[in-house]
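Visitor: take a look and give me a structure for this.
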Amino acid sequence: MAHITRKRFLQTLSTGATLSALPGIIRAQQAPSANVTGANSKLNIAGIGIGGMGASNLNAVTNKGHTIFALCDIDINLARPTRGKYPNAKFYKDYREMLSAEPGIDGVVIATPDHTHAVIAAAAMKAGKHAFVQKPLCHDVFECRELMHIAAEKRVVTQMGIQGHALPGHYLIREWMAAGAIGELLGIDAWCDLSYYPWGHASWSPCVGLKPVEKMPVPDVLDWDKFIGPADFRDYHRAYHPGSWRAWWDFGNGMMGDRGAHTLDVVFELLDRRMPIAVDATSCGNNPDTHPVSAVITFTFARPDIKLTWYEGTRAPRPVELPDDRSLPAEGGIILNGSEGKIIAGVYGDSPRIVPEARMQSFIRPEQTLPRPRGGIEGDWLEAITEGRQACAGFDYSARLTEFTLLGNIAKRADTRLVWDEAAIRFTNVGTANNWIKCFRRPGWEL
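Guide: Next comes the predicted model:
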C-alpha cells in the first residue's frame with residue numbers, strides 16, 4: 001500500500017466528509033481541461049471491450065451523433081459484430097498501442113472485465129482522454145483511490161456506467177426522502193437474488209469452485225495474456241472466458257460489484273456518501289477462488305447511526321406492509337425502512353413506491369429540486385465533454401461508490417466482521433483482510 005500515502009489520501013478525501021467539503025478535488029473535477037470541443041462538435045470515441053455492454057455503450061454514442069473512431073478487443077470473435085457495424089474504425093488488440101497510435105481520440109468507452117478497468121482507464125486519462133468505464137469502476141480499493149486522484153489531476157471528464165444515476169427514480173427517491181415521505185430513516189435493506197452458481201457457469205467437471213485442472217487450448221481468436229492483464233497468470237479455461245469471469249475473485253467483483261454498483265447508488269447518496277465504520281458478512285460457499293453462492297452483508301455507519309443490510313444470492317425479507325397482490329422487484333432492489341412507512345424500488349432505483357398504500361396516496365409529492373441528467377448515462381458524459389463540465393457520476397463520486405461495494409466484498413471474503421479505518425485505508429481488527437485492499441498486479445500492468 002506504499003503507493004497510497006497518507007498525504008495523497010488527505011489531498012482527495014477527509015474522513016467522513018462529503019464531497020462538498022472537498023473544494024480542491026471538486027474544483028478540478030468541475031473544470032475539465034482536456035479536449036473541450038464545444039457543444040456542436042462531434043467527438044471521436046474509441047471502444048475498448050466491444051462485445052456485450054461495450055457494444056451497447058457505443059450504440060448510445062452514435063445515437064448522440066458522435067463518431068466511433070477506433071476499436072479494441074482481445075477476442076476477435078466477440079469483437080466481430082461491432083467491427084462490422086463500424087467498418088471505418090481501426091481495430092486494435094492492445095489498448096496501449098491504440099492510445100499511442102491514435103492521437104485523434106477524444107474519449108474512450110471501457111467495457112472490459114472488472115480487473116482491467118482501472119489500468120486501462122488510468123492509461124487513457126494519462127494520455128489526456130476522457131473516460132467512460134462500465135461498472136464496477138475498479139477491482140480493489142487501491143485502484144479506486146488512484147483513479148480518483150488521476151482524474152482530478154488530469155482534469156478529464158469521467159463517468160461510470162451506472163444507468164440508474166441518469167434515471168428519474170434515483171432523484172425522486174432523494175427528493176421524497178428530503179420531504180419526509182417515510183419519516184426518519186431507520187435502516188435499509190437491499191438485495192440481488194441472482195447468483196453465479198455453478199461457479200464459472202460450468203457444466204463440466206472438474207470445476208467445483210476451485211481453479212479447473214483440465215487443460216484447454218487457447219482459442220486462436222483470443223489473446224489470453226492480455227485477458228489476464230494485471231491478474232496472476234493462469235492457464236486458459238472455458239470456465240473463465242467468455243462471459244463467466246465475474247464469478248472468479250481474480251477477474252470479477254461478483255454481484256456485490258456488478259449489481260451493488262447499481263442498487264446501492266441512491267443508498268450511497270442518502271447516506272451522504274459516507275463510508276461505513278464496520279462491515280459484517282456471513283457467506284455460504286466460500287472458497288479461495290470464487291465468490292460465494294450467497295451472502296448477507298451488514299454495513300454500519302456512524303452518521304447516521306443506521307445499518308444497511310445487503311442480501312446476495314437471496315432476497316430481503318418481504319415487508320409486511322406490501323399488499324398481497326404485489327411482489328418485490330424482480331432480481332433486486334432496495335427497501336428504505338422509515339418511522340412512518342417504507343420506500344421500495346428496483347435495481348436502478350426505478351419505480352419507487354411507498355408502503356403502506358395509504359401513505360403513498362396521502363403523500364404530497366414535492367417540487368423537483370435536483371437537476372436530472374439528460375440523454376442517459378452515456379449521453380450525460382458526452383454532453384459534459386462538449387460543454388466543459390463534469391458528468392453526473394464522475395470518478396470523484398463513482399470511485400467512492402465502488403470502494404463502498406468493495407468493502408462489502410472483502411467482508412464477504414473474510415466471512416466475519418471488519419472494522420474500517422477510512423483515513424488509514426486499513427481494517428483495524430483483522431489484519432489478513434488488508435491483503436485484499438490492493439490485489440496482486442503483474443509487472444507491466446501498474447497504474
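Visitor: contacting residues for A330?
Guide: A330 sits next to G346 when contact means CB atoms under 8 Å, 6 or more residues apart in numbering. Placement of C-beta: from N, CA and C, glycine included.
Visitor: can you pull out the low-pLDDT segments for the stretch 201-350 of the chain?
Guide: Within the stretch 201-350 of the chain, the stretches with pLDDT under 70 are 201-209.
Visitor: what sits up against stretch 67-82?
Guide: 42-52, 54-55, 58, 61-62, 83, 86, 89-95, 98, 102, 104-106, 219, 221-223, 226-227, 241-242.
Visitor: now the buried members of these.
Guide: 43-51, 54-55, 58, 61, 86, 89, 91-92, 95, 98, 102, 105-106, 222, 226-227, 241 (16 or more other CB atoms under 10 Å).
Visitor: in strands, which of the contacts of stretch 67-82 appear?
Guide: 44-48, 90-92 (DSSP state E).
Visitor: number of nearby residues for R174?
Guide: Neighbourhood size, R174 [other CB atoms under 10 Å]: 16.
Visitor: now it. Its backbone dihedrals?
Guide: When read as degrees, to the nearest 10, the backbone of R174 gives phi -60, psi -40.
Visitor: shouldn't it be in contact with L270?
Guide: Yes: assessed by CB atoms under 8 Å, R174 is found in contact with L270 at 6.7 Å.
Visitor: check what pLDDT I25 gets.
Guide: Reported pLDDT at I25 in the predicted model: 35.
Visitor: now D140
Guide: Note for D140: predicted pLDDT of 98.
Visitor: got it, and S41?
Guide: Value listed for S41 in the pLDDT field: 86.
Visitor: now do the contacts for it.
Guide: So S41 contacts T386 (CB under 8 Å, 6+ apart).
Visitor: the one 3 residues further on too?
Guide: The contact partners of N44, taken as CB under 8 Å, 6+ apart, are 66-67, 69-70, 104-107.
Visitor: now those as CSV including pLDDT and distance to F142?
Guide: Shown next, in CSV, are the contacts of N44 (pLDDT from 0 to 100; distance: CB to CB, whole Å):
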residue, pLDDT, distance to F142
H66, 98, 33
T67, 98, 35
F69, 98, 31
A70, 98, 29
G104, 97, 32
I105, 98, 27
D106, 98, 28
G107, 98, 25
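Visitor: I'd like the residues you listed as CSV, with distance to A345 appended.
Guide: Listed next are those as CSV, based on distance: CB to CB, whole Å:
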residue, distance to A345
H66, 32
T67, 36
F69, 38
A70, 38
G104, 42
I105, 37
D106, 35
G107, 31
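Visitor: closest one of those to L147?
Guide: Nearest to L147 among these: G107, at 15.3 Å, using CB to CB.
Visitor: distance from the helix ranked longest in the chain to the middle of the chain?
Guide: Ordering each helix of the chain by length in residues (DSSP state H) puts helix 395-414 first. Average the C-alpha atoms of helix 395-414, do the same for its chain, and the two points are 9 Å apart (CA atoms, centre = their mean, to the nearest Å).
Visitor: next SSE downstream of that helix?
Guide: Next along the chain after helix 395-414, taking DSSP states H and E as the criterion, comes strand 417-421.
Visitor: show residues contacting the next helix or strand after that following strand.
Guide: Moving toward the C-terminus from strand 417-421, the next helix or strand (DSSP H and E) is strand 426-427. Residues outside strand 426-427 that contact it (CB under 8 Å, 6+ apart): 1, 410, 418-421, 433-434, 437.
Visitor: how about a cut-off of 6 Å?
Guide: Residues outside strand 426-427 that contact it (CB atoms under 6 Å, 6 or more residues apart in numbering): 418, 420, 433-434.
Visitor: starting from that strand, tell me which strands it pairs with and how they run.
Guide: strand 417-421 (antiparallel) (DSSP bridges).
Visitor: of all the residues in the partner strand, which ones are buried?
Guide: Quick answer for strand 417-421 (16+ other CB under 10 Å): 417-420.
Visitor: how about the strands of the stretch 101-250 of the chain, start to end?
Guide: Under the criterion DSSP state E, counting those that start in this stretch, the stretch 101-250 of the chain contains strands at 107-110, 130-134, 158-161, 185-192.
Visitor: what's the most buried one of those strands?
Guide: Ranked by mean neighbour count, the strands of the stretch 101-250 of the chain are led by strand 158-161 with a mean of 30 (mean count of other CB atoms under 10 Å).
Visitor: pull the distance from that one to the chain's centre.
Guide: Counting by CA atoms, centre = their mean, strand 158-161 comes out at 9 Å from the chain centroid.
Visitor: list the neighbouring strands of that strand plus their orientation.
Guide: strand 130-134 (parallel).
Visitor: restrict the strand it pairs with to CA atoms and write it as CSV.
Guide: Only the C-alpha atoms of strand 130-134 are listed here, as CSV (Å, rounded to 0.1, in the frame of the first residue of the first chain):
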residue,chain,number,x,y,z
HIS,A,130,-12.0,11.4,-21.3
ALA,A,131,-13.1,8.1,-19.8
PHE,A,132,-16.4,6.3,-19.6
VAL,A,133,-16.0,3.0,-17.6
GLN,A,134,-18.6,0.3,-17.1
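Visitor: contacts for that strand?
Guide: 53, 107-111, 117, 121, 124-125, 156-161, 381, 385.
Visitor: okay, angle between that strand and strand 44-48 too, please.
Guide: Here strand 130-134 points in a direction 40 degrees away from that of strand 44-48 (axes from the mean of the first three to the mean of the last three CA atoms, to 10 degrees).
Visitor: how close does the nearest residue to K438 once chain neighbours are set aside get to V320?
Guide: Residue nearest to K438 in three dimensions, not counting chain neighbours: F142, with 3.7 Å by CB to CB, 6 or more residues apart in numbering. In this view, F142 and V320 are 43 Å apart by CB to CB, to the nearest Å.
Visitor: looking at the two, which has the bigger crowd around it?
Guide: F142 (21 against 8).
Visitor: go ahead and confirm the more buried one touches W436.
Guide: No: using CB atoms under 6 Å as the test, F142 is too far from W436 to be in contact (10.0 Å).
Visitor: nearest to R372, of the buried residues of strand 417-421?
Guide: W420 (32.9 Å).
Visitor: picking that back up, could I get the strands of the stretch 101-250 of the chain as a markdown table with distance to D325?
Guide: Formatted as a markdown table, those follow (distance: least, CB to CB, whole Å):
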| stretch | distance to D325 |
| --- | --- |
| strand 107-110 | 42 |
| strand 130-134 | 37 |
| strand 158-161 | 35 |
| strand 185-192 | 21 |
